[in-house]
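*Asks:* heads up, no residue letters with this:
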């Protein structure tokens, strides 16, 4: 029988202007509220090899609360206001409806500025702030405006088409290191998450947002985490965030992906940093104790997995058969209490966290 937290619970609340916002709770542990990018669908994400590991792995050590933005996923699509203030109000409504008094807030991608604004307005409710792959400002100059109009035209003519050529442009920017299967899942999620009209309106609603003046006034422990080769967000934006927020810590990930994939070495690093930041005192003892039960050979296999080697490469390095490598991995998963498609990444994260 499957073990782990109960299935996610989906609820709906109304934002300040009456728009219904869908939010989902999953996992056990200290509360972590995720204000993600526009690309989400609370139900479909569970089937996707692009997003499922985020929810599943974070839910092993936190009570994860995430929501679909207005105009996307299970939230209302019949929306006219995609302004920055409306998006802040959505986050306020979701947190209030969930009943969280204090929590860690994770702002991902274009959810980052909303998270920063919320933390500035509600300092008594945000215990910790995490900013992942986001920019503090979306100021569009003449060159950016020309590129944006090209994107808008592709969205308008190709978003809902059965074939994925137009959507693949966005997919290739977000996950250039993905397998064909992962790219196909993201292509499909783009089409399922919203309509072309909503996508265009939401993009335009993000123009002119600038939270840089808020950064020096933030008084909350902050982690900034960013892939060095991210093609959607420049690494200099992460440096600006970390330099602008007092006491913030910057973690650079060795990846080209805007959305980290479960099977890349950067994912267990992200998971270790985020879960350790959310609960620095609570998470480590259990992980350390579980890792101590691993044999030396199981540790060797996981260390090579952490370096990005597949089973054949691990077998060659340790003079083992691939079948024996898989047996060591399965034994390690059982001892660490991880399972499913993200078990490998979770086991590697546990090993790294126990160092």
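*Replies:* Cool, the structure landed. Model, not experiment: these values are computed from the prediction.
*Asks:* Under a three-state scheme, what state does the residue nearest to residue 214 when sequence neighbours are not counted occupy?
*Replies:* In space, and not counting its chain neighbours, residue 214 is closest to residue 120: 4.5 Å by Cβ to Cβ, 6 or more residues apart in numbering. Using the backbone N, CA and C atoms, a C-beta is placed for each residue, glycine as well. Put simply, residue 120 is helix when judged by DSSP: H, G, I helix; E, B strand; the rest coil.
*Asks:* cool, residue 323 as well?
*Replies:* Going by three-state DSSP: residue 323 is helix.
*Asks:* Let me know the pLDDT of it.
*Replies:* pLDDT recorded at residue 323 is 89.
*Asks:* Next, the buried residues of the longest helix along the chain.
*Replies:* Across the chain, the helix with the greatest residue count (assigned by DSSP state H) is helix 142-158. Along helix 142-158, these residues count as buried under the neighbour rule (16 or more other Cβ atoms under 10 Å): 154-155, 158.
*Asks:* Low-confidence ranges, the stretch 201-350 of the chain, go.
*Replies:* 281-288, 340-341 (pLDDT under 70).
*Asks:* separation between the residue nearest to residue 269 when sequence neighbours are not counted and residue 229?
*Replies:* Counting by Cβ to Cβ, 6+ apart, residue 269 lies nearest to residue 253, which is 6.0 Å off, once chain neighbours are set aside. According to Cβ to Cβ, to the nearest Å, residue 253 and residue 229 sit 9 Å apart.
*Asks:* same check, this time on residue 213
*Replies:* Taking Cβ to Cβ, one finds residue 213 at 29 Å from residue 229.
*Asks:* Looking at those two, which is more packed in?
*Replies:* residue 229 (15 against 11; other Cβ atoms under 10 Å).
*Asks:* SS state for that one?
*Replies:* Relying on three-state DSSP, one would call residue 229 coil.
*Asks:* which residues in the stretch 201-350 of the chain form strands?
*Replies:* Secondary structure of the stretch 201-350 of the chain (DSSP state E, counting those that start in this stretch): strands located at 222-227, 249-253.
*Asks:* tell me how far the host helix or strand of residue 352 is from the chain's mean position?
*Replies:* Using DSSP states H and E, residue 352 sits in helix 343-353. Taking Cα atoms, centre = their mean, to the nearest Å, one finds helix 343-353 lying 17 Å from the centre of the chain it belongs to.
*Asks:* Please shift the residue numbers so they start at 743 in all later answers.
*Replies:* Done: numbering now begins at 743, and the last item shifts to helix 1085-1095.
*Asks:* Do a quick rundown of the helices in this structure.
*Replies:* Using DSSP H, helices in the chain cover 794-800, 826-840, 854-863, 884-900, 907-916, 922-935, 938-947, 977-986, 1008-1020, 1025-1033, 1038-1048, 1053-1060, 1064-1078, 1085-1095.
*Asks:* Any chance of those in JSON lines with distance to residue 847 as columns?
*Replies:* Shown next, in JSON lines, are those (distance: least, Cβ to Cβ, whole Å):
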{"stretch": "helix 794-800", "distance to residue 847": "13"}
{"stretch": "helix 826-840", "distance to residue 847": "8"}
{"stretch": "helix 854-863", "distance to residue 847": "5"}
{"stretch": "helix 884-900", "distance to residue 847": "28"}
{"stretch": "helix 907-916", "distance to residue 847": "23"}
{"stretch": "helix 922-935", "distance to residue 847": "22"}
{"stretch": "helix 938-947", "distance to residue 847": "21"}
{"stretch": "helix 977-986", "distance to residue 847": "14"}
{"stretch": "helix 1008-1020", "distance to residue 847": "10"}
{"stretch": "helix 1025-1033", "distance to residue 847": "18"}
{"stretch": "helix 1038-1048", "distance to residue 847": "28"}
{"stretch": "helix 1053-1060", "distance to residue 847": "38"}
{"stretch": "helix 1064-1078", "distance to residue 847": "28"}
{"stretch": "helix 1085-1095", "distance to residue 847": "21"}
